[in-house]
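[1] All I have is the shape, not the residue letters:
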């Protein structure tokens, strides 16, 4: 790449990482504050709502936003504006109708006495929070289509401000802190969506029309990506529901409290996660498979070394962090912490391998592999809780990730064998 291209790439990459650090930092602060000042039940409710939100955002990113970010840059300026506008209008109509239909569920459940009024209200607020998050996710990704990471950063700064103010207000009303924390998620998502929508309205402007032809292009790319994203959620996030079903919300709160200790290790990785696929694709096109893999391997080694240094420091102050700072007394905190570190260390090589295979367009094979990994993970979680307690969900995650890593390595090796001239 030329010096100018390198500068633009580094600016884009750096802004994306900074944006994710800000978002992850806000989630860290919110989670810490809820653990420290709210009840385990309120924090557990907040975590369960966040897990649903993560699932739906991941699904939309795989099915809609991701394919649009791949297809739209290759269009002319006029067609690109039509694609983002037509599809955005279609998404808005669909989400409005889906939200109204889903809101009937908690209403009916309350009227016939299946759920309490509080639970029905919490479910309704979660539905609205998901609606706002999906609106926000599409618009902020469209800012990246137009190479405007600074605009996305500004919109996300509004999101973070509203979110943290909402969490602070929730903690002033502790009996309903869990419900109000979910409201904060929804208000933040709506604020971010409105700001991003206004930015896109100014440039390039919103246009409406028949989105059918664009949806046909999107479906061709999005179907396997969506399957993989939803299945991966099953063993990446559903462990919260396994804990709630087999144990209680206190177990959910304890496992998530220990997770906060390793969260700084995850923040940077989340920052580069969404950038890995376009970076790997660019390296593959520019340098070939061997040099792409070499660069990704160097990145893995450097970040893993940083992780080990951080874990060494945290291990020596773990009691101060968990007992004194968080005011949590967790019987098996050391085992949970070690397991969380292992899960965190596996995160990066798995993302690296997935980025390389995505650049090689192996989405279908990865979807089947993620399905196998999820089956192993969830089965082990569910069956081993009587033996290992809350630690079982992390042991299940590690087992699933192990299967996933082995399978991804074999898929990549097969690609190398099939591409001798490039490799």
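    Yep, it's here. Nothing here was measured: the structure is a model prediction, and the numbers come from that model. Residues are numbered from 1 along each chain as shown.
[2] what's the closest non-adjacent residue to residue 250?
    Leaving aside its chain neighbours, residue 250 sits nearest to residue 40 (4.6 Å; criterion: C-beta to C-beta, 6 or more residues apart in numbering). Quick note: C-beta positions are derived from backbone N, CA and C, even for glycine.
[3] who touches that neighbour in this structure?
    Residue 40 sits next to 249, 250, 252, 253, 254 when contact means C-beta atoms under 8 Å, 6 or more residues apart in numbering.
[4] Please identify which of these is nearest to residue 138.
    Closest to residue 138 out of the contacts of residue 40 is residue 252 (29.7 Å), distances taken as C-beta to C-beta.
[5] how many neighbours does residue 417 have?
    By other C-beta atoms under 10 Å, the residues close to residue 417 number 9.
[6] Relative to residue 407, how far out is it?
    Counting by C-beta to C-beta, to the nearest Å, the gap between residue 417 and residue 407 amounts to 16 Å.
[7] do residue 181 as well
    Taking C-beta to C-beta, one finds residue 181 at 37 Å from residue 407.
[8] Of those two, give the one with the bigger neighbour count.
    residue 181 (29 against 18).
[9] And the pLDDT at the more buried one?
    What the model reports as pLDDT for residue 181 is 96.
[10] Next up, identify which helix or strand it is on.
    helix 177-202 (DSSP states H and E).
[11] After that helix, which helix or strand is next?
    Remark: after helix 177-202, the chain's next helix or strand is helix 212-236, criterion DSSP H and E.
[12] What count of nearby residues applies to the closest residue to residue 321 other than its chain neighbours?
    Leaving out its chain neighbours, the residue that sits closest to residue 321 by C-beta to C-beta, 6+ apart is residue 261, at 5.6 Å. Residues lying near residue 261 (other C-beta under 10 Å) number 22.
[13] most centrally placed residue in the chain?
    For the chain, the residue nearest the mean C-alpha position is residue 54 (5.5 Å; C-alpha atoms, centre = their mean).
[14] residues of the helix or strand where it lies that come out buried?
    Counting by DSSP H and E, the element that carries residue 54 is helix 40-60. Under the neighbour-count criterion of 16 or more other C-beta atoms under 10 Å, helix 40-60 has 40, 42-53, 55-60 buried.
[15] Against residue 140, how distant is the residue nearest to residue 96 when sequence neighbours are not counted?
    Counting by C-beta to C-beta, 6+ apart, residue 96 lies nearest to residue 131, which is 7.9 Å off, once chain neighbours are set aside. Going from residue 131 to residue 140 by C-beta to C-beta gives 15 Å.
[16] Tell me which of the two has more neighbours.
    residue 140 (25 against 22).
[17] Tell me, how many residues neighbour residue 318?
    What residue 318 shows, counting by other C-beta under 10 Å, is a neighbour count of 16.
[18] For it, give me its contacts.
    Contacts of residue 318 by C-beta under 8 Å, 6+ apart are 261, 333, 334, 337.
[19] now, the most widely separated pair of those?
    261 and 334 (11.1 Å).
[20] Surely residue 174 and residue 42 touch.
    Yes - contact criterion C-beta atoms under 8 Å: residue 174 and residue 42 qualify, at 7.2 Å.
[21] helices or strands up against whatever helix or strand residue 338 lives in?
    Per DSSP H and E: residue 338 is located in helix 333-359. On a contact count with 3 or more C-beta pairs under 8 Å, 6 or more residues apart in numbering; DSSP states H and E, helix 333-359 meets helix 249-287, helix 289-316, helix 318-319, helix 363-388, helix 391-418.
[22] Take these and lay them out in a markdown table including distance to residue 65 and mean pLDDT.
    Listed next are the helices and strands packed on helix 333-359 as a markdown table, based on distance: least, C-beta to C-beta, whole Å; pLDDT from 0 to 100:
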| stretch | distance to residue 65 | mean pLDDT |
| --- | --- | --- |
| helix 249-287 | 10 | 74 |
| helix 289-316 | 24 | 84 |
| helix 318-319 | 38 | 86 |
| helix 363-388 | 15 | 85 |
| helix 391-418 | 23 | 87 |
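[23] got CSV for the ones you listed, with distance to residue 76 too?
    CSV is the format used below for the helices and strands packed on helix 333-359 (distance: least, C-beta to C-beta, whole Å):
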stretch, distance to residue 76
helix 249-287, 21
helix 289-316, 29
helix 318-319, 56
helix 363-388, 27
helix 391-418, 33
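[24] Identify the spatial nearest neighbour of residue 244, chain neighbours not counted.
    Counting by C-beta to C-beta, 6+ apart, the residue nearest residue 244 is residue 252, at 5.5 Å.
[25] wouldn't that neighbour be in contact with residue 245 here?
    No - between residue 252 and residue 245 there is no contact under C-beta under 8 Å: 10.2 Å.
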